[in-house]
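**Student:** what shape does this take:
(chains A and B)
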Number of protein chains: 2
Amino acid sequence: MPSKVEIPRKTVYRLSIYLRCLQRLKENKIETVSSEALAKAAGVKPTQLRKDLTYFGQFGTRGLGYNVTGLSGAIGEVLGSSRLQPVILVGLGNLGSALLRYGGFQKEGFEIIAAFDVKPDPRRVKGLKTKLLDSVLLPDFIVEHQIKMTILTVPAQHAQEVVNTLVSSGIQAILNFSPVVLEVPKNVIVNNVDLAMELENLSYFIR
Amino acid sequence: MPSKVEIPRKTVYRLSIYLRCLQRLKENKIETVSSEALAKAAGVKPTQLRKDLTYFGQFGTRGLGYNVTGLSGAIGEVLGSSRLQPVILVGLGNLGSALLRYGGFQKEGFEIIAAFDVKPDPRRVKGLKTKLLDSVLLPDFIVEHQIKMTILTVPAQHAQEVVNTLVSSGIQAILNFSPVVLEVPKNVIVNNVDLAMELENLSYFIR
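**Tutor:** Numbering: from 1, shown residues only, chains lettered A, B, ... in the order given. Model prediction:
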């Protein structure tokens, strides 16, 4: 089994996709899958798939394809080792509140255990009471609960300041919905999701 | 000005990012920006930025940098020509409902004018009454209102079937939140957003 640093970031992304495809095959009681079929389901080229799967040794059998259960188990072991992470959400505007209500993160093993905002909402959302986002309570909570991951949904103009607090408190991974490029140290990883930009990008290609 | 097909998809993505950065500079009354500073704000290499901006002719002045208003106007003209598109949202589960309440798409010029679900919600969300998702009402609405863009938030197992209906009704662009790789004809573009996978990917890199 490779150590974590050996698998490049983009490969990890694709492994997540392969895992989802394999899980659907399992649900449909399919036992083996060719690299061509799995690659097509995942939206990649077969050569890419075969290259990515070299991290897992020999799971394919020439002419038969991959064993669905074996391969999904192996990928799941690598990806899954650090799942079930507690997560905090920072910024309860429209998008933050919507994501908190969404509940889809839990299903994948990520529990949002606290939500912070500069103006805490007195109502509970999904059983959570909003905590006050300030320069004392937020760091204290992160340290006390050993939080490593944050979903960031604060307004763009406050994002970097909040991120500085998060990083100095020990946050290592940020799922950033604020439309701003964050500056973080090398040991911190940021994934950016900009929903409006996705639509803008699509609209450009409409004829 | 280049015609639409000349700018590659990944460049269009980056142009959106540059435009956001330039808009923030304008808000802060900054008149010129060096390619190094703009590249840093956008999270790309200066060489990449300069290459991308060759689509816009000469906006940089050696030693002075780019004129913020001029460059943002030029990029905005290319990107913005097809904005203000009406959009429909299909699938009102937790995520679909959350995105409908979010409201951030409107701010960027995209109006969600209808939402469809197999079980329409009798309550109005953001002033919208949910419409019945079936094989007659959905195509009729798309054709009648000349809709080109869809936000797709249906369960994975129904996504492809719904997409077939969308595509045959004239949808050209899909922002897909269903965790499945969609098969579409070449003239249809799909952008995938998988929120749980973003967290999964981040968690892999936590030490």
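
**Student:** doesn't residue B:197 make contact with residue A:17?
**Tutor:** Yes. If you go by Cβ atoms under 8 Å, residue A:17 and residue B:197 touch, sitting 7.5 Å apart. Where you see a C-beta, it was placed from the backbone N, CA and C, and this is true even at glycine.

**Student:** neighbour-wise, which of these two wins?
**Tutor:** Neighbour count, other Cβ atoms under 10 Å in any protein chain shown: between residue A:17 and residue B:197, residue A:17 has more, with 22 against 19.

**Student:** quick check, central residue of chain A?
**Tutor:** Centroid-nearest residue in chain A, with Cα atoms, centre = their mean: residue A:175, separated by 7.1 Å.

**Student:** that residue - that's part of a helix, no?
**Tutor:** No. With DSSP: H, G, I helix; E, B strand; the rest coil as the criterion, residue A:175 is strand rather than part of a helix.

**Student:** determine the three-state secondary structure at the nearest residue to it once chain neighbours are set aside.
**Tutor:** In space, not counting the residues next to it along the chain, residue A:175 is nearest to residue A:151; the distance is 4.8 Å by Cβ to Cβ, 6 or more residues apart in numbering or on different chains. Three-state assignment for residue A:151 (three-state DSSP): strand.

**Student:** beta partners for residue A:151?
**Tutor:** Residue A:151 has these beta-bridge partners by DSSP bridges: residue A:89, residue A:175.

**Student:** give me every residue that touches the residue nearest to the centre of chain A.
**Tutor:** By Cβ atoms under 8 Å, 6 or more residues apart in numbering or on different chains, the contact list for residue A:175 reads A:149, A:150, A:151, A:152, A:191, A:193, B:195, B:198, B:199, B:202.

**Student:** any chance of these in JSON lines with pLDDT as columns?
**Tutor:** Shown next, in JSON lines, are the contacts of residue A:175 (pLDDT from 0 to 100):
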{"residue": "A:149", "pLDDT": "94"}
{"residue": "A:150", "pLDDT": "96"}
{"residue": "A:151", "pLDDT": "96"}
{"residue": "A:152", "pLDDT": "97"}
{"residue": "A:191", "pLDDT": "91"}
{"residue": "A:193", "pLDDT": "90"}
{"residue": "B:195", "pLDDT": "85"}
{"residue": "B:198", "pLDDT": "85"}
{"residue": "B:199", "pLDDT": "83"}
{"residue": "B:202", "pLDDT": "83"}
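
**Student:** of those residues, closest to residue B:46?
**Tutor:** Checking the contacts of residue A:175 against residue B:46 by Cβ to Cβ gives residue A:191 as the nearest, at 23.4 Å.

**Student:** what strand or helix carries the closest one?
**Tutor:** In the assignment (DSSP states H and E), residue A:191 maps to strand A:189-192.

**Student:** same thing with residue A:52?
**Tutor:** Secondary structure assignment for residue A:52, by DSSP H and E: helix A:46-53.

**Student:** tell me what that helix is packed against?
**Tutor:** Helices and strands touching helix A:46-53, by 3 or more Cβ pairs under 8 Å, 6 or more residues apart in numbering or on different chains; DSSP states H and E, are helix A:9-27, helix A:35-42.

**Student:** rerun at 6 Å
**Tutor:** For helix A:46-53, the packing partners by 3 or more Cβ pairs under 6 Å, 6 or more residues apart in numbering or on different chains; DSSP states H and E come out as helix A:35-42.

**Student:** from chain B, how far out is residue A:125?
**Tutor:** Distance, residue A:125 to chain B, using Cβ to the nearest Cβ, to the nearest Å: 11 Å.

**Student:** returning to that earlier point: contacts for the helix holding residue A:52 next, please.
**Tutor:** Under the contact criterion Cβ atoms under 6 Å, 6 or more residues apart in numbering or on different chains, helix A:46-53 has outside partners A:11, A:14, A:35, A:36, A:39.

**Student:** near chain B, which residues of chain A show up?
**Tutor:** A:12-13, A:16, A:20, A:41-43, A:79, A:82-83, A:85, A:94-95, A:98, A:101-105, A:108, A:110, A:148, A:172-173, A:175, A:179, A:181, A:189, A:191, A:196-206 (Cβ under 6 Å from any Cβ of the partner chain).

**Student:** just the buried subset of those residues, please.
**Tutor:** Applying 16 or more other Cβ atoms under 10 Å in any protein chain shown to these, the neighbour count classes A:12-13, A:16, A:20, A:41-43, A:79, A:82, A:85, A:95, A:98, A:102, A:104-105, A:108, A:110, A:148, A:172-173, A:175, A:179, A:181, A:189, A:191, A:196-205 as buried.

**Student:** the strands in chain A, which residues?
**Tutor:** Secondary structure of chain A (DSSP state E): strands at A:32-33, A:60-61, A:65-67, A:86-90, A:111-117, A:124-125, A:128-129, A:131-132, A:149-152, A:173-176, A:189-192.

**Student:** pLDDT on the fourth one, on average?
**Tutor:** Put plainly, it is strand A:86-90. Taken as a whole, strand A:86-90 has an average pLDDT of 94.

**Student:** chain center to it: distance?
**Tutor:** Remark: strand A:86-90 is offset 12 Å from the chain centroid, using Cα atoms, centre = their mean, to the nearest Å.

**Student:** name the surrounding residues that touch that strand.
**Tutor:** A:96, A:100, A:110-116, A:147, A:149-152, A:154.

**Student:** between which two of the residues you listed is the distance greatest?
**Tutor:** In terms of Cβ to Cβ, these reach their longest pairwise distance at A:111 and A:154, which sit 20.7 Å apart.

**Student:** neighbour-wise, which of these two wins?
**Tutor:** Neighbour comparison, residue A:111 and residue A:154: the larger count goes to residue A:154, with 25 against 11 (by other Cβ under 10 Å).

**Student:** for the closest residue to that one other than its chain neighbours, what are phi and psi?
**Tutor:** Of all residues not flanking residue A:154 in the chain, residue A:91 sits nearest, at 3.5 Å (Cβ to Cβ, 6+ apart). Note on residue A:91: backbone dihedrals following degrees, to the nearest 10 are phi 110, psi 100.

**Student:** fine by me, we can end here.
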